[in-house]
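Trainee: sequence below, structure please.
(one chain, ligands or ions: 1)
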Amino acid sequence: MPDAVLRLDNVNVVRDGSYLLRNVSWAVFPGQRWVVLGPNGAGKTTLLQVASGRLFPTRGTVDLLGARLGKVNLLDLRYRVGVVSPALVETPPADERVLDAVVTAGWSVLGRADEEYDEVDLTRAAGLLTQFGCRGLVDRRFGTLSEGERKRVLIARALMTDPELLLLDEPASGLDLGAREALMRRLTRFAADPIAPVLVLVSHHVEEIPVGVTHALLVRGGQALAAGPVAQVLTAQALSSCFGIPLEVGVAAGRYTARLAAGPPPRHPVSASV
Ligand SMILES: Nc1ncnc2c1ncn2[C@@H]1O[C@H](COP(=O)(O)OP(=O)(O)OP(=O)(O)O)[C@@H](O)[C@H]1O
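Mentor: Residues are numbered from 1 along each chain as shown. The predicted structure is shown next:
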């Protein structure tokens, strides 16, 4: 088996005496596309902070792209991990031209000043915008975009440095049905691309899992309840335990749905299989 792109071993994050993450062990390998699901306050954003190298665990170890956190200069990893998360990454200024909002990621800056960009970088930025359906927006100001357009531009920006790992924090939150489905279509294509980076996508909703996601991690109360191939993990029993309500789960053409089921919730949480 190839080396893990990301490996957490017994990770604990403790703040003010509370466990934000407790004994989380999780490994992500090349070619995989993960969804991390859990209710509000489960620890998903904390997990992404750790996974992006922005937060050291209180206990446990994190290996990211072959380097042990704490023994590597995080700036060296910055270009190799793409992150789209309002909690972790600042967004471009409202008056930034969309093409500049993407191309400036190559310099790790927000807001283009006087720097000159190579034609190859501008072409790459335009190509990424095209890939995410934003070709017609290159000359617009970032602040004038709809929420759905902004999300797709930010994904293009995160891909500008050709990262090996892409972390998306609730990419479909706040989108209407049409915008969500447009994003799902783009992410489905992305997931199917064999040269696309490893993907970890965080969500509250199974409806926001694009086709092509291969693995799922369920988080509740800072703990990993289950992890593995998506069809094995996203069962009614496991999701009911994760969200604390009885759920019926459906899957059609690779897309999941969940709704409240009749009957009591399971009496025992699913055991960890991480
Ligand atoms: N610095 C802190 N000190 C104490 N508790 C914190 C701190 N930061 C976060 N928490 C708590 O840790 C828990 C996990 O937070 P986190 O943001 O990781 O959850 P989440 O799953 O991303 O939630 P949501 O889905 O609502 O965004 C929450 O209960 C939060 O209130």
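Trainee: what is the burial count for the residue lying closest to Val233 once chain neighbours are set aside?
Mentor: On the basis of C-beta to C-beta, 6 or more residues apart in numbering, the spatially nearest residue to Val233 that is not a chain neighbour turns out to be Ala216, at 4.1 Å. Yep, even glycine has a C-beta here, placed from its N, CA and C like the rest. Residues lying near Ala216 (other C-beta atoms under 10 Å) number 26.
Trainee: quick check: residues of this structure near the ligand?
Mentor: Among all residues of the chain, those adjacent to the ligand (criterion: C-beta under 6 Å from any ligand atom) are 15-16, 18, 20, 38, 40-46, 204.
Trainee: try it again with 8 Å
Mentor: Taking C-beta under 8 Å from any ligand atom, the part of the chain that reaches the ligand is made up of 15-16, 18, 20-21, 38-49, 87, 169-170, 202, 204, 219, 222.
Trainee: please pick the buried ones from these.
Mentor: Applying a neighbour-count criterion of 16 or more other C-beta atoms under 10 Å, the buried members of the residues of the chain next to the ligand are 20-21, 38, 42-49, 169-170, 202, 204, 219, 222.
Trainee: which members of those occur in strands, if any?
Mentor: With strands defined by DSSP state E, the entries of those inside them are 20-21, 169, 202, 219.
Trainee: pLDDT below threshold where in the protein?
Mentor: Within the chain, the stretches falling below the threshold (pLDDT under 70) are 1, 106-115, 263-274.
Trainee: could you identify the longest helix within it?
Mentor: Within the chain, and with DSSP state H defining each element, the longest helix by residue count is helix 177-192.
Trainee: what packs against that helix?
Mentor: Counting by 3 or more C-beta pairs under 8 Å, 6 or more residues apart in numbering; DSSP states H and E, the packing neighbours recorded for helix 177-192 are helix 119-131, helix 147-159, strand 198-203.
Trainee: could you give the angle of the first one to helix 177-192?
Mentor: With axes from the mean of the first three to the mean of the last three C-alpha atoms, to 10 degrees defining the directions, helix 119-131 sits at 120 degrees from helix 177-192.
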